[in-house]
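Q: Got a predicted structure plus its sequence, pasted below:
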Amino acid sequence: MNKRLNTNRGSALLIALLLTAMLSLIAIMAVDTSNTDIELAYNQSNLESAFYNAEAGAKRAFVALNDDDDWRTGYNNTGFGQGAFSVQMFDSVGTPALFDTVVIRSQGNVQDAQAEVELWTVPVYYYPFTYAMWADAWINFDQAGCTDSYNSDSGTYASTLLPDEGDIGTNGTITTAKLVTIGGDAFTATAGGITLGAGAKVLGDTSTTKDSVVLPEIPQSEYDWARAHSVASSGMSGTFTYNNSTKALTLGKNATVTLTSGVYYFSTITLGQYSNIALAPGAKVTIYMSGNITFGQYSKVNTGGQPANLQFFSQGTSLAFNQGCEFYASFYGPDAHIQYDQTTQVYGALVANTIKLDQGACFHYDRSLGKVVHGTTGEMIQVAWKEL
């Protein structure tokens, strides 16, 4: 009897010891799992912090790039929060295939955690000829003036003519005499800024609450470059007078000058009656002006040609069309006054400070000019993002 009781007590003690060992093991495993979870959470927190550091570095670089689109300095181990970020910049100088793209690559570091992101950015290009006519201060039509539109990329004026999309706009006022037809929209940034004469009509929409537009000045460096690389007078043929010292171009009555492809720089251009500026077959010409342009009666410029192939950029204060002129080109002169005399016909696009159309003068917007680009605004925009 006593022997059996001792045996049972020994079994109970063994079972208790085993249970104690099992509970201790479970406790140790629980503590180890808890420590692992804490370490994982700590590492995850650091990794997330490193990612946010990388993102912060990329955004800071993006701001710096918009302040100066030539900025490529980047950042090296710049402190942020509990860690740091480093930024590298990549563009077409090192990778020609990037063309106009600037890549921002940013690495964030917190403790032993590391994350990396990339932003892909491109410049915002300036489209100077999205309106038929744009004037900073005002546009004025004398009686029976008009605008309409066509598309020289698709055919002739007659075959692509539309009685709309000849849009005009100004920061100031639009006024018309009687019987004027604006074949498109009319916009101003001045309340009550549109005044129409008797029988005048706007075929599109009207608004006097548009945001004002700042016409970008072409940088002086661009004019200096044009002067240094001008192909006047080597690219010119015909009957004309060109003063190499003053850069003035003059054509007498019935004279013609033909321009081959290239960039030209002139101080002034003066055309006599019935004179003509023509482009050589297939030529594309850009003319930079430091002064004024005067076209004599019935003179012609690139008649029947595509306006995109002849572009004027002017620092001058005047573009004057005398009676009966024809002009197939685009003109950008933020400080210029444009004056049409009677029956002049312009095909293309005009940007100036003020524009005045005399009786019977019409303007025909070439819709293909809406896609013409001239330089950038200096702003960069983000087009892609990824985590590496």
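A: That came through fine.
Q: Give the ranges of residues in the stretch 251-388 of the chain that sit below the confidence cut-off.
A: The stretch 251-388 of the chain contains no residues with pLDDT under 70.
Q: just the helices in it please.
A: Remark: no helices are assigned in the stretch 251-388 of the chain by DSSP state H, counting those that start in this stretch.
Q: right, and Pro216 touches Thr377 too?
A: Yes. Counting by CB atoms under 8 Å, Pro216 does reach Thr377; the two are 7.2 Å apart. Where C-beta positions appear, they are placed from N, C-alpha and C, glycine not excepted.
Q: what residues are shared contacts of these two?
A: Jointly contacting Pro216 and Thr377 under the rule CB atoms under 8 Å, 6 or more residues apart in numbering are Tyr126.
Q: can you tell me which residues contact the residue nearest the centre of the chain?
A: Taking CA atoms, centre = their mean, the centroid of the chain lies closest to Tyr125, which sits 2.1 Å from it. The contact partners of Tyr125, by CB under 8 Å, 6+ apart, come to Val373, Gly375, Thr376, Thr377.
Q: Export those as TSV, with columns for distance to Ala361 and neighbour count.
A: As requested, those are exported to TSV (distance: CB to CB, whole Å; neighbours: other CB atoms under 10 Å):
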residue	distance to Ala361	neighbour count
Val373	29	10
Gly375	30	13
Thr376	34	15
Thr377	32	13
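Q: Report how many residues lie close to the nearest residue to Leu196 once chain neighbours are set aside.
A: Nearest non-adjacent residue to Leu196, counting by CB to CB, 6 or more residues apart in numbering: Thr176, 5.2 Å away. When neighbours are counted by other CB atoms under 10 Å, Thr176 registers 25.
Q: Gln323 and Phe295 touch, don't they?
A: No. Gln323 lies out of contact with Phe295 (CB under 8 Å); the separation is 10.0 Å.
Q: With distance to Val102 added, can I get the contacts of Tyr125 in a markdown table?
A: A markdown table is the format used below for the contacts of Tyr125 (distance: CB to CB, whole Å):
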| residue | distance to Val102 |
| --- | --- |
| Val373 | 18 |
| Gly375 | 16 |
| Thr376 | 12 |
| Thr377 | 15 |
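Q: Show me which of the residues you listed is closest to Val63.
A: Thr377 (16.0 Å; CB to CB).
Q: Now do the same contact list for the closest residue to that closest one other than its chain neighbours.
A: Spatially, and ignoring its direct neighbours in sequence, Thr377 is nearest to Val124 (4.6 Å; CB to CB, 6+ apart). Val124 makes contact with Thr376, Thr377, Gly378, Glu379, Met380, Ile381, according to CB under 8 Å, 6+ apart.
Q: so which pair among the residues you listed is furthest apart in space?
A: Within the contacts of Val124, Gly378 and Ile381 form the most distant pair, 11.6 Å apart (CB to CB).
Q: Of these two, which one has the most company?
A: Ranked by neighbour count (other CB under 10 Å), Gly378 and Ile381 place Gly378 first, with 14 against 11.
Q: That one contacts Asp69, correct?
A: Yes. Judged on CB under 8 Å, Gly378 makes contact with Asp69 at a distance of 5.6 Å.
Q: so what sits against both of those two?
A: In contact with both Gly378 and Asp69: Pro123, using CB under 8 Å, 6+ apart.
Q: ok so, going back, shared neighbours, Gly378 and Ile381?
A: Shared contacts of Gly378 and Ile381, counting by CB under 8 Å, 6+ apart, come down to Pro123, Val124.
Q: Which pLDDT value belongs to the closest residue to Gly262 other than its chain neighbours?
A: Counting by CB to CB, 6+ apart, Val231 is the residue found nearest to Gly262 once chain neighbours are left out, at 3.9 Å. Val231 carries a pLDDT score of 97 in this model.
Q: How about the one 10 residues further on?
A: The confidence metric pLDDT takes the value 97 at Thr241.
Q: pLDDT below threshold where in the stretch 101-250 of the chain?
A: The stretch 101-250 of the chain contains no residues with pLDDT under 70.
Q: Quick one: neighbours of the closest residue to Ser299 other than its chain neighbours, just the number.
A: For Ser299, ignoring the flanking residues on the chain, the nearest one in space by CB to CB, 6+ apart is Leu271 at 4.3 Å. The tally of other residues near Leu271 (other CB under 10 Å) stands at 28.
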